[in-house]
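Asks: how would this look folded up:
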Amino acid sequence: MSPIVNNLIVEIDTLIKATPEQLADDDHARSWHAKERDWVDYYVHRYLMDQCSTDGPLKYSAKIGIEVGVPQPPKYQKLAVSRDLVIWSEIGGTCWDKDWNPQKHPLAILEWKVHRPGRRNLKVNKERAWLRDYCQWQQTAVAYAVEVHGDKSVYPLTCTRFLGMNEDNPRLNLRCS
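Replies: The predicted structure is shown next:
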């Protein structure tokens with residue numbers, strides 16, 4: 001991996017470590033009952049957009065995509081799939097080329113899951129496998145599985161990082177104070 005890409009991943013890691021920690025300390029979020037898309041929306045508008053600055057990896061809020069297409073690794077049937085949250089290298093980034101083929105890849109993907117009491121979330125393992133496959137296929141992309149445990153888990157918010165062949169499981173175990 002080039003030093004520029006490596007440095008960018010370190011900067012994104014720092015950003016993604018700090019913002020879920022802020023979310024875990026958020027009085028509103030600690031008592032909030034919301035579905036996945038609500039958490040993504042709140043996180044982006046309350047914390048991630050605040051991190052936009054000319055000296056960081058997220059210079060403009062227009063580099064953030066919510067529920068946008070991403071190319072799929074070769075073993076999957078569909079050519080593209082929607083991901084909860086992505087960070088593009090350029091403003092208004094998309095995966096689509098001029099012929100509407102999914103060819104462009106984001107810098108980072110954050111896939112969210114909300115575990116609600118009395119409901120089993122069967123997609124968690126499937127989505128983790130997808131993140132593993134994607135990061136092994138696109139070695140310059142970093143991905144995170146963010147899980148909100150509304151089922152009164154010891155750690156209400158966890159974040160697992162995927163990069164290349166590596167998986168930090170879980171990277172962050174955040175207690176809501």
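Asks: hey, let's count contacts and neighbours off CA atoms from now on
Replies: Will do.
Asks: Return the helix or strand in this structure with minimum mean pLDDT.
Replies: Least confident helix or strand of the chain, by mean pLDDT, DSSP states H and E, is strand 166-174 with a mean of 66.
Asks: ranges for the strands of the protein?
Replies: In the chain, the strands defined using DSSP state E lie at 64-71, 80-87, 108-115, 142-149, 157-163, 166-174.
Asks: Could I get the contacting residues of the nearest residue to Tyr43 once chain neighbours are set aside?
Replies: Excluding the flanking residues, the one nearest Tyr43 by CA to CA, 6 or more residues apart in numbering is Leu23, at 7.1 Å. Contact analysis of Leu23 by CA atoms under 8 Å, 6 or more residues apart in numbering lists Ala29, Tyr43, Tyr47.
Asks: His45 versus Leu23, what's the distance?
Replies: From Leu23 across to His45, the span is 11 Å (CA to CA, to the nearest Å).
Asks: ditto for Leu79
Replies: 29 Å.
Asks: Could you point out which residue ranges in the chain have low pLDDT?
Replies: Scanning the chain for pLDDT under 70 picks out 1-5, 118-122, 151-155, 169-177.
Asks: Tell me what the residue nearest the centre of the chain is bridged to.
Replies: Centroid-nearest residue in the chain: Leu110, 0.8 Å away (criterion: CA atoms, centre = their mean). Taking DSSP bridges as the rule, Leu110 bridges to Leu85, Tyr144.
Asks: Select the longest helix from this protein.
Replies: helix 3-24 (DSSP state H).
Asks: Tell me which residues of that one come out buried.
Replies: Neighbour-count burial for helix 3-24, with 16 or more other CA atoms under 10 Å as criterion, is recorded at Leu8, Ile9, Ile12, Asp13, Leu15, Ile16, Thr19, Pro20, Glu21, Leu23, Ala24.
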